[in-house]
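1. quick one: sequence and predicted model below, then my questions.
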Amino acid sequence: MALDLKKYLTLYVAEAGEHLAAFSSDLVKLEKAHAGDGDTRGVVDSLFRHAHSVKGMSASMALDATTALAHKAEDLVDVFRKGVGHFEPWVLDVLFDACDELTDMVAEAATGAKPAPRPELEERLTEAARRAREPGAARAAAAPAPPAPAAPAIAPPVPPAATAAAPPPQAAPVTPAGRGPRPIRVEVEIVPGCPVPAVRGFLVVKKLAALGAVERAVPSVDELKAGRIPGKRLVVTLQSAEPLAAIERALAQISDLASVTVAEGEPERTPQAPAASAPSRDAPAPADGPRTVRVKTDLLDYFLDTVGELILATARIREVGRTLPASVRPALEDGVDRLHAVVKDLHDKVMTVRMTPLSTVTERLPRAARDVARKVGKLVEVEITGAEIEIDRAILEELGDPLNHLIRNAVDHGIEPSHLRQLAGKPAGGRVEVRARRERDRVILEISDDGRGMEPAKLRRAAVARGALSELQAAALSDREALQLACLPGISTADAVTDVSGRGVGLDVVKRTVESLGGSLEIDSLPGAGCRFTFRLPLTVAVQPVLLVRVGGEVVGLPIAKVHGAAQVELSRLDRTRGEHVFSWGGELIPVRDLARLLGFDGDPGRDERAVVIAEGGDAGRIGLAVDGLLGQQEAVLKPLSSPLDAVNGLSAVTVLGNGRPVFILDVVRLLAA
């Protein structure tokens, strides 16, 4: 890859990835529309635009293999866009394969490598386009059509705003055979929203240089390499013997061009011509809508860490101020209050920037369901609502695999085959719903299906057979508690093991991932009617309320989301079962463990009166943690642990109090499992 293009690699990978994700989503919509005889024109146009954009961006990055494959995919879509092709379901399979390969090639380019060509897949796309044209070609041969004027094979996509401003198309005079080079003037305008207009301009000059001798470019090639293209307008003069239509076709392969004008003649010599198209300093900015920029996630993480440090520093100043004489304290506290308000507002703005819509993750789910359904021979429809709800990017990055696993599980052995569904009085096609809603500072995400559901009795028997529970323990579980057994490793109710699911591996990881994010997982099921998994997630993991407790002379924190309550008790008055104290809470007996012993601290063995915090203990259910004292609730700026502390069981994060004292945040589930 050319050295001067490497700085655009991150932008290319991000944009191409977005286009390919949308391409995959459009393919699912197209398949669904054809199955129901719906209108597909808009979806096909969208497919063409995405393929065309990937082709143009890959060409600008000199990724020839990616460009060639995207061009073949674009050609196949173009057959249906022009209405001359006969749609068959197998065409979508070829396009799905092309989309997957292009995604892999973009990921390969992200590492700095240059993807190798895919000749077999290119041949499949070419053959698919040829076969798709056959019915249309036969009909066209029966009724001769009037000759059409010469036009570019593929027109560049033009946004509505740019279409109105573009000059009307002009008939391109054809160069007579044998005519020598003559001066040609090419004027190009780049769409207002193009993030790298100079790269597009450089590619235009490069294309034209292959068709003739470039005499002059305004702005110059050096200016384009430096990223300067005033007014996003480029004027090139070259000497060429090529027909004007051939030049137009060559430039049509470059994306993000709002208009292209090719004409014979000498260039305009007016020195001010290039500057005339650029807006004046006093002119209002074009109404392109909100301006946006791409920011690296590492930079956002740095901003968040820095603002967190400011919050901690402000708390430290407040603590120090309390030791000052009363005469100077009011002025300092007033200044600290103003500083805290500014820093808190800055923190909220940074968190707003980090918030990302759920659609970033959920838009891939219909494709995942479609692939599994095709593999196992089922009909499944996925419906997603609430995908516009925003959540912290750090949480979204962890949600992709759990959601994908639940979707695949639902399709593979949650949804019944069509004939069994019809015998049960259900529609032949299954349905999976993903619904998201917001409740105050939490996001509720539900994944449900209308399949066969899970049977608590089966889960009890599987847990006993696996040795996870005794028969007595399994019988004592309620149906709701028994459903949680599906999250134990190796527990499964699937009738058959497939390469998709059924081994009892995965739901334990799903639950562990959700809980590591400060959330919880609930399972509801009605045999024969379906199953529902509910994630209760915080909006962000960067700032969380924690309960501070004193244990063995140290202070530690417990996430409030995992705390159900607290009480002051005398240990000598508690009942004992199997050598452990038990505490009655909410109608159930909860085991009480000494948190000091769990952490390896030196506690006070002679102290009888203790505070007991009722916390979520994972598979063990609720558990009481005996502590020396409760210090209250506090909003904590959480920081991840670095090596070697990240390997210590029971620790999840660290924060700093206003007095500068570091406090570890506990992961109770991991602590009990250690």
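-> Good, I have the coordinates.
2. what's the neighbour count on the nearest residue to residue 318 once chain neighbours are set aside?
-> Spatially, and ignoring its direct neighbours in sequence, residue 318 is nearest to residue 336 (5.2 Å; C-beta to C-beta, 6 or more residues apart in numbering). Glycine gets a C-beta too; all of them are placed from N, C-alpha and C. Here the count is done by other C-beta atoms under 10 Å, and residue 336 has 16 residues near it.
3. doesn't residue 314 make contact with residue 336?
-> Yes. Contact criterion C-beta atoms under 8 Å: residue 336 and residue 314 qualify, at 6.3 Å.
4. can you give me the helices for the stretch 151-300 of the chain?
-> Remark: helices assigned in the stretch 151-300 of the chain by DSSP state H, counting those that start in this stretch are 160-165, 197-209, 221-225, 244-252, 273-276, 297-321.
5. got the domain ranges for the chain?
-> Residue ranges for the domains of the chain, per automatic domain parsing: 3-140, 160-170+179-267, 297-356, 358-538, 543-673.
6. mean pLDDT added to these, as TSV?
-> Formatted as TSV, these follow (pLDDT from 0 to 100):
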stretch	mean pLDDT
domain 3-140	82
domain 160-170+179-267	78
domain 297-356	84
domain 358-538	85
domain 543-673	81
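7. helices and strands around the helix or strand hosting residue 65, which ones?
-> Taking DSSP states H and E as the criterion, residue 65 maps to helix 64-81. Helix 64-81 is packed against helix 41-60, helix 89-110, helix 119-142, with contacts defined by 3 or more C-beta pairs under 8 Å, 6 or more residues apart in numbering; DSSP states H and E.
8. out of those helices, nearest to residue 639?
-> Closest to residue 639 of the helices and strands packed on helix 64-81 is helix 89-110 (C-beta to C-beta; 28.5 Å).
9. go ahead and name everything in contact with that closest one.
-> Residues outside helix 89-110 that contact it (C-beta atoms under 8 Å, 6 or more residues apart in numbering) are 1, 9, 12-13, 16-17, 20, 23-24, 27, 30-31, 34, 47, 54, 61, 63, 65-66, 69-70, 72-73, 76-77, 115, 118, 121, 124-125, 128, 132, 371.
10. doesn't residue 512 make contact with residue 401?
-> No. Counting by C-beta under 8 Å, residue 401 stays clear of residue 512, with 11.4 Å between them.
11. now the buried members of the contacts of helix 89-110.
-> Among the contacts of helix 89-110, those buried by neighbour count (16 or more other C-beta atoms under 10 Å) are 12-13, 16-17, 20, 23-24, 27, 30-31, 34, 47, 54, 61, 63, 65-66, 69-70, 72-73, 76-77, 115, 118, 121, 124-125, 128, 132, 371.
12. all the helices of the stretch 451-600 of the chain, in order from the start?
-> Along the stretch 451-600 of the chain, the segments classed as helices by DSSP H, counting those that start in this stretch run 456-466, 471-476, 479-483, 507-516, 595-599.
13. would you format those helices as CSV with distance to residue 609 and mean neighbour count included?
-> Shown next, in CSV, are these (distance: least, C-beta to C-beta, whole Å; neighbours: other C-beta atoms under 10 Å):
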stretch, distance to residue 609, mean neighbour count
helix 456-466, 38, 18
helix 471-476, 32, 12
helix 479-483, 32, 17
helix 507-516, 31, 19
helix 595-599, 15, 20
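14. quick one: contacts for residue 380?
-> 369-370, 372-373, 411, 415, 429-432 are the contacts of residue 380 under C-beta under 8 Å, 6+ apart.
15. ugh, wrong one, residue 511
-> Applying C-beta under 8 Å, 6+ apart, we find residue 511 in contact with 487, 521.
16. so how far is residue 399 from it?
-> To residue 399, residue 511 is 13 Å away according to C-beta to C-beta, to the nearest Å.
17. overlap in contacts, these two.
-> Counting by C-beta under 8 Å, 6+ apart, nothing touches both residue 511 and residue 399.
18. report how many residues lie close to residue 332.
-> Neighbours around residue 332, by other C-beta under 10 Å: 15.
19. I'd say it and residue 321 touch.
-> Yes. With contact defined as C-beta under 8 Å, residue 332 counts as touching residue 321 (4.6 Å).
20. excluding chain neighbours, what is closest to residue 324?
-> Nearest residue to residue 324 in three dimensions, chain neighbours excluded: residue 332, at 6.6 Å (C-beta to C-beta, 6+ apart).
21. likewise for residue 6?
-> Closest residue in space to residue 6, ignoring its immediate chain neighbours: residue 112 at 7.7 Å, by C-beta to C-beta, 6+ apart.
22. if I look at that neighbour, how far off is residue 563?
-> Distance from residue 112 to residue 563, counting by C-beta to C-beta: 47 Å.
23. more neighbours: which of the two?
-> Each of residue 112 and residue 563 has its neighbours counted (other C-beta under 10 Å); residue 563 has more, 19 against 9.
24. you'd agree that one is up against residue 613?
-> Yes. Counting by C-beta under 8 Å, residue 563 touches residue 613, with 6.0 Å between them.
25. where do the contact lists of the two overlap?
-> Common neighbours of residue 563 and residue 613 (criterion: C-beta under 8 Å, 6+ apart): residue 547.
26. tell me what the particular helix or strand that has residue 28 in it is packed against?
-> Residue 28 belongs to helix 9-35 when assigned by DSSP H and E. If contacts are counted by 3+ C-beta pairs under 8 Å, 6+ apart, helix 9-35 sits against helix 41-60, helix 89-110, helix 365-376.
27. give the contact list for residue 67.
-> With C-beta under 8 Å, 6+ apart, residue 67 has these contacts: 55, 58-59.
28. please report how far the residue lying closest to residue 188 once chain neighbours are set aside lies from residue 56.
-> Leaving out its chain neighbours, the residue that sits closest to residue 188 by C-beta to C-beta, 6+ apart is residue 234, at 4.5 Å. Relative to residue 56, residue 234 is positioned 15 Å away (C-beta to C-beta).
29. host element of the residue sitting nearest the centre point of the chain?
-> Central residue of the chain (C-alpha atoms, centre = their mean): residue 360, 3.3 Å from the mean position. Using DSSP H and E, residue 360 sits within helix 359-362.
30. kindly report the same for residue 664.
-> For residue 664, the enclosing helix or strand under DSSP H and E is strand 662-666.
31. which parts of that strand are buried?
-> 663-666.
32. ok, those residues vs residue 573, which is closest?
-> residue 666 (26.5 Å).
33. contacting residues for that closest one?
-> Going by C-beta under 8 Å, 6+ apart, residue 666 touches 556-558, 650-652.
34. if we can go back for a sec, quick one: the helix holding residue 28 to chain centroid distance?
-> For helix 9-35, the gap between its own C-alpha mean and the chain's C-alpha mean amounts to 13 Å (C-alpha atoms, centre = their mean, to the nearest Å).
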